[in-house]
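Peer 1: return a 3D structure for these sequence lines:
(2 chains)
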There are 2 protein chains.
Amino acid sequence: MDKTKNFSEWYSEITKQAGLCDLRYNVKGFVVFMPWSVSSLKKMYSLFERELEATGHKPALFPALIPEENFLKEKEHVEGFAPEVFWVTEAGGEKLEQKLAMRPTSETAMYKMYSLWIQGVSDLPLKIYQSCQVWRHETKATRPFIRSREFHWIEAHDVFATQKEAEDQVKQDMNTTEKVMHKTLGVPFIYFQRPEWDKFAGAVHTYGADSLMPDGRTIQQPSTHLLGQNFAKPFNVSFTNEKGEKDYCWQTCYGPAISRIYASVISVHGDNKGLILPFQIAPLQVVVVPVQKKGFEKKIGEKAREIAEKLCGHGFLAEADESNATPGFKYNYWEMKGVPLRVEVGARELESKEFVLARRDTGEKMKVAENDLPKKVGEFGEALSENLRKRADEWFSKQVHSANSMDELGEQLDKGGFVKVPLCSVEMSGHNCADEIKSKTTGDVRGTRFHPEEKPAAGAKCIACGKPAKELVYVARQY
Amino acid sequence: MDKTKNFSEWYSEITKQAGLCDLRYNVKGFVVFMPWSVSSLKKMYSLFERELEATGHKPALFPALIPEENFLKEKEHVEGFAPEVFWVTEAGGEKLEQKLAMRPTSETAMYKMYSLWIQGVSDLPLKIYQSCQVWRHETKATRPFIRSREFHWIEAHDVFATQKEAEDQVKQDMNTTEKVMHKTLGVPFIYFQRPEWDKFAGAVHTYGADSLMPDGRTIQQPSTHLLGQNFAKPFNVSFTNEKGEKDYCWQTCYGPAISRIYASVISVHGDNKGLILPFQIAPLQVVVVPVQKKGFEKKIGEKAREIAEKLCGHGFLAEADESNATPGFKYNYWEMKGVPLRVEVGARELESKEFVLARRDTGEKMKVAENDLPKKVGEFGEALSENLRKRADEWFSKQVHSANSMDELGEQLDKGGFVKVPLCSVEMSGHNCADEIKSKTTGDVRGTRFHPEEKPAAGAKCIACGKPAKELVYVARQY
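Peer 2: Numbers count the residues shown, from 1 in each chain, chains lettered A, B, ... in the order given. Modelled structure (predicted):
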């Protein structure tokens, strides 16, 4: 498996070998997520949920089925999503009077209820999230975790009395992405304001966190949308303001797709030996491997179990691998699975009471006295996660290039990553130029950088139409 | 709200007043679960998941959609569930070639994959759970949390090489129910082996945990099913045994419906003031109420916040209620919401540095020095949960009666609870007698007690047909 030479093959191989998913389920575009990935997905859910709750969000659970009438209320939204909907038309042996959509996203399920819940300013802000699955009949090629017809995400839907608060929420959502996806999981990204033609259906503005895969293609991670009053009006999400007048609310929504973030985590950090999982989300943080020697079998086995139990007692996920395989086989196996740390227990260690602690990311080994193991495991675990992030940041920082012509853009895109180019506009008027870029270079205009704001050099011309460039946009080939 | 006099009204009122759910969602039988209930549901999920993982289960996520062909494989199963299925027939703007069932339960999604995963004894046992929603087009009247067309559960599906291991698993599942639902959440129950005519569709035996509602009607809580080889054969879940021969596996499944258990928790423990939530699942464990006095507003507010923060620092869910309402209003409000503990902060307390700590279940109040608050909160919280369980156990133990004739059974059922009666048989041959009991008394035969085993007195006659009674069964009116 060579990750850098053939990432696509590496990805297919590792998702299979490490037991992350099974593609043989007999509905096209649907996969089975297996224990090794689901254990991590659950921890990732918790990380995001904790952060959302710390910023005032409360959990709720809305129905998975949305009546067609709700769905039809916001024109742009229905146009955007209708082609992708799975429809329930029969139940209990009878044809339904009204078709029910399996939620592709929950705006139209939630906002009708919001209109009942919100009366006055005292009901605001309303900040609700739900952790759930959504279903979209994707026509693009599906890849496990990256894109499938069923995926697992969190959607947060917030409502405010003022535009300013909604705009601030967008920034808070970006900060949540930074804290969890970058700081904790080590996946770097850039937030772009999407061009007008690439917004979420029904949004005023869409901000997408674009990360990169090892093959240099970009992948959209959590996006946050300023909905303005676009949904508030058709769904009548309104309140009586201080003057006693009816006012429409200002809304935002934010959607971290947990299964997709997992795709980035394993792709960015993995190497040719397999996965490398950040310490915080590893299903198993420390594997204890007995290195057997004739005559010491029982003692070595006991000590391995004892160490694993001790680490568990300190809150770590640890396990002794007492299977019949050779130590070498076990090392390779658990390295392939991405377990962050390994403790080796052999006859010599029984005597010296010092055990080898090995790190998955650097291969570094260290002798640690038995009593120091819990402390060192904590330190090494943290260091590993930090190193993964640092490594990813270094690589990511080299993936932003510039170009001033279509040819140059094509050349730069072949190297992978983002390429900054001047564009006439990110309003609808620039759409033709983006289409031309796409057809000539297979690159997509991802939008303008949110922070820090960037503008084209004075006098720069749009690389497609040659008119004065109002914007500096990032182009990348995308997943 | 009088819980004992009119439980049904109490239940409707409290689910609304405490903000547990909203019934106004515009799909029949579907409700919106709101933050106050969802926070507890999430904690309940964790309790069950932790216990399942401690007994060797791993999490997975299977698709929500099941192709009709899978569904048709096990004859009894399809007969049992087909009338309740929601069918997806259109997607992406086109009619599907094959209808897809929204999972009513996942046997037919999972076992087809199991047949690919299991080859030899080294693949066994396989113990997988998933936390998900299921959809059933119920024809019975729906009630929030108790019965709706979408509910939230865990399903564990286990596979073994031998019948004995499968039978042991059934007992382990019962023990999981005992640990979480009874020991932690304080809801008592009895496990019954269901009569032949009331088994899970496709099971060899079904064991249901029957709890009681305050109106004396029974409600089925987690059931565990011995599937034997009934699914293994049509789905080819098999392995090569030590002799090199193909053998079919032995299977079990277990399904705690988290939203339904929540219905029992709030119903069993609540009182006329509202909810009383066990300490472990309360969204807010301690509310700190400032009792304002002129001239001390700022200091009292600060102290209330300080105490709440301190308790949060000790891992408790605590909050100061600084709204404008009167202390009396706040007491009532948080008592109605079921918050286990309250700390009162007034001017006098500022000086004495002793604060009133009040318990929701007993109303008991105690003065606690500021520094002792975290310790006492922990103790009181635990004591509250224990008391809830003890109270429920005492009440439950008085709800088991006996009868030896149809008339007597009717009279006893009017008092509520379970009534033991002799029945000719729990094989299919006893079905007519159960029907007669149902039509004459509106009572349902719940089955025979699993542990301890009970038999009718020598010479006892079936209360319906008068033939010699082989079984002592429990009858109850049911939800």
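Peer 1: what sits against the residue sitting furthest away from the middle of chain A?
Peer 2: Largest separation from the mean C-alpha position in chain A: residue A:295, at 49.5 Å (CA atoms, centre = their mean). Applying CB atoms under 8 Å, 6 or more residues apart in numbering or on different chains to residue A:295 gives no contacts. To be clear about C-beta, it is placed using only N, CA and C from the backbone, and glycine gets the same treatment.
Peer 1: what about it, which helix or strand?
Peer 2: Secondary structure assignment for residue A:295, by DSSP states H and E: no helix or strand.
Peer 1: ok, now residue A:385?
Peer 2: Remark: residue A:385 resides in helix A:373-397, with elements defined by DSSP H and E.
Peer 1: C-alpha coordinates for stretch A:376-387, PDB please?
Peer 2: The C-alpha coordinates for stretch A:376-387 follow below in PDB (Å, rounded to 0.1, in the frame of the first residue of the first chain):
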ATOM      1  CA  LYS A 376       3.800   8.000  30.000                       C
ATOM      2  CA  VAL A 377       0.900   6.600  28.100                       C
ATOM      3  CA  GLY A 378      -1.000   9.800  28.600                       C
ATOM      4  CA  GLU A 379       1.900  11.900  27.600                       C
ATOM      5  CA  PHE A 380       2.800   9.800  24.500                       C
ATOM      6  CA  GLY A 381      -0.900   9.700  23.500                       C
ATOM      7  CA  GLU A 382      -1.100  13.500  23.600                       C
ATOM      8  CA  ALA A 383       2.300  13.900  21.900                       C
ATOM      9  CA  LEU A 384       1.100  11.600  19.100                       C
ATOM     10  CA  SER A 385      -2.100  13.600  18.400                       C
ATOM     11  CA  GLU A 386      -0.100  16.800  18.400                       C
ATOM     12  CA  ASN A 387       2.500  15.400  16.100                       C
END
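Peer 1: what comes up buried for it?
Peer 2: Buried residues in stretch A:376-387, counted by 16 or more other CB atoms under 10 Å in any protein chain shown: A:376-378, A:380-381, A:383-385, A:387.
Peer 1: cool, stretch A:470-479 as well?
Peer 2: For stretch A:470-479, the neighbour count (16+ other CB under 10 Å) marks A:470-477, A:479 as buried.
Peer 1: and it, end to end?
Peer 2: End-to-end span of stretch A:470-479 (CA to CA, to the nearest Å): 27 Å.
Peer 1: cool, stretch A:408-427 as well?
Peer 2: 24 Å.
Peer 1: and for stretch A:273-283?
Peer 2: End-to-end distance (CA to CA), stretch A:273-283: 18 Å.
Peer 1: hmm, who's touching that stretch?
Peer 2: Contacts of stretch A:273-283 (CB under 8 Å, 6+ apart): A:1, A:14, A:17-18, A:35-36, A:39-40, A:43-44, A:47, A:184-186, A:265-266, A:269-270, A:285, A:317, A:332, A:335-341, A:360-361, A:381-382, A:384-385, A:388.
Peer 1: and of the buried residues of stretch A:376-387, the nearest to chain B?
Peer 2: Each of the buried residues of stretch A:376-387 was scored against chain B by CB to the nearest CB, and residue A:378 proved nearest at 18.9 Å.
Peer 1: tell me how many other residues crowd residue A:315.
Peer 2: 10 (other CB atoms under 10 Å in any protein chain shown).
Peer 1: again, but for residue A:16
Peer 2: Counted with other CB under 10 Å, residue A:16 comes out at 13.
Peer 1: next, it: secondary structure please.
Peer 2: With DSSP: H, G, I helix; E, B strand; the rest coil as the basis, the three-state label of residue A:16 is helix.
Peer 1: closest one to residue B:367 out of the buried residues of stretch A:376-387, please.
Peer 2: Taking CB to CB as the measure, residue B:367 lies nearest residue A:378 of those, at 40.2 Å.
Peer 1: name the residue of the stretch 101-250 of chain A that lies nearest to chain B.
Peer 2: Residue of the stretch 101-250 of chain A nearest chain B, by CB to the nearest CB: residue A:137 (3.7 Å).
Peer 1: quick one, what contacts that residue?
Peer 2: Counting by CB under 8 Å, 6+ apart, the residues that residue A:137 touches are A:29, A:83-86, A:149, B:91-92.
Peer 1: 7 Å - rerun?
Peer 2: Contacts for residue A:137 (CB atoms under 7 Å, 6 or more residues apart in numbering or on different chains) come out as A:84-86, A:149, B:91-92.
Peer 1: go on, residue A:399?
Peer 2: Contacts here follow CB under 7 Å, 6+ apart; on that basis residue A:399 touches A:212, A:216, A:416-418.
Peer 1: can I get those in CSV with secondary structure, distance to chain B and neighbour count?
Peer 2: As requested, the contacts of residue A:399 are exported to CSV (DSSP: H, G, I helix; E, B strand; the rest coil; distance: CB to the nearest CB, whole Å; neighbours: other CB atoms under 10 Å in any protein chain shown):
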residue, secondary structure, distance to chain B, neighbour count
A:212, strand, 27, 26
A:216, coil, 30, 16
A:416, coil, 32, 20
A:417, coil, 32, 20
A:418, strand, 31, 26
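Peer 1: output the residues you listed as a markdown table; include the columns pLDDT.
Peer 2: A markdown table is the format used below for the contacts of residue A:399 (pLDDT from 0 to 100):
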| residue | pLDDT |
| --- | --- |
| A:212 | 98 |
| A:216 | 97 |
| A:416 | 96 |
| A:417 | 98 |
| A:418 | 98 |
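Peer 1: could you dump those residues into JSON lines with distance to residue A:109 added?
Peer 2: Formatted as JSON lines, the contacts of residue A:399 follow (distance: CB to CB, whole Å):
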{"residue": "A:212", "distance to residue A:109": "33"}
{"residue": "A:216", "distance to residue A:109": "38"}
{"residue": "A:416", "distance to residue A:109": "39"}
{"residue": "A:417", "distance to residue A:109": "38"}
{"residue": "A:418", "distance to residue A:109": "35"}
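Peer 1: show me the shaky parts of the stretch 1-150 of chain A.
Peer 2: Scanning the stretch 1-150 of chain A for pLDDT under 70 picks out nothing.
Peer 1: ok so the residue of the stretch 101-250 of chain A closest to chain B is a helix residue?
Peer 2: No: assigned with three-state DSSP, residue A:137 falls outside any helix and is coil.
Peer 1: okay, now the closest residue to it other than its chain neighbours: neighbour count?
Peer 2: Leaving out its chain neighbours, the residue that sits closest to residue A:137 by CB to CB, 6 or more residues apart in numbering or on different chains is residue B:92, at 3.7 Å. Counted with other CB under 10 Å, residues neighbouring residue B:92 total 16.
Peer 1: quick one: residue B:92 and residue A:83 touch, right?
Peer 2: Yes: using CB atoms under 7 Å, residue B:92 is in contact with residue A:83, at 6.3 Å.
Peer 1: doesn't residue A:26 lie inside a strand?
Peer 2: No: counting by three-state DSSP, residue A:26 is not found in a strand; it is coil.
Peer 1: domain assignment for chain A?
Peer 2: Listed by automatic domain parsing, the domain ranges of chain A are A:7-269, A:284-382, A:402-476.
Peer 1: okay, the ones you listed, which one's buried deepest?
Peer 2: Stretch with highest mean neighbour count among the domains of chain A: domain A:7-269 (a mean of 20; mean count of other CB atoms under 10 Å in any protein chain shown).
Peer 1: first-to-last residue distance for that one?
Peer 2: 12 Å.
Peer 1: distance from it to the middle of the chain?
Peer 2: Distance of domain A:7-269 from the chain centroid (CA atoms, centre = their mean, to the nearest Å) equals 11 Å.
Peer 1: over to stretch A:410-430?
Peer 2: Relative to its chain's centre, stretch A:410-430 lies at 24 Å (CA atoms, centre = their mean).
Peer 1: before we move on, back to that, for the helix holding residue A:385, which outside residues touch it?
Peer 2: Contact with helix A:373-397 is made by A:186-188, A:212, A:268-269, A:276, A:278-280, A:285-286, A:307, A:310-311, A:314, A:316, A:340-341, A:343, A:355, A:357, A:359-362, A:368, as judged by CB under 7 Å, 6+ apart.
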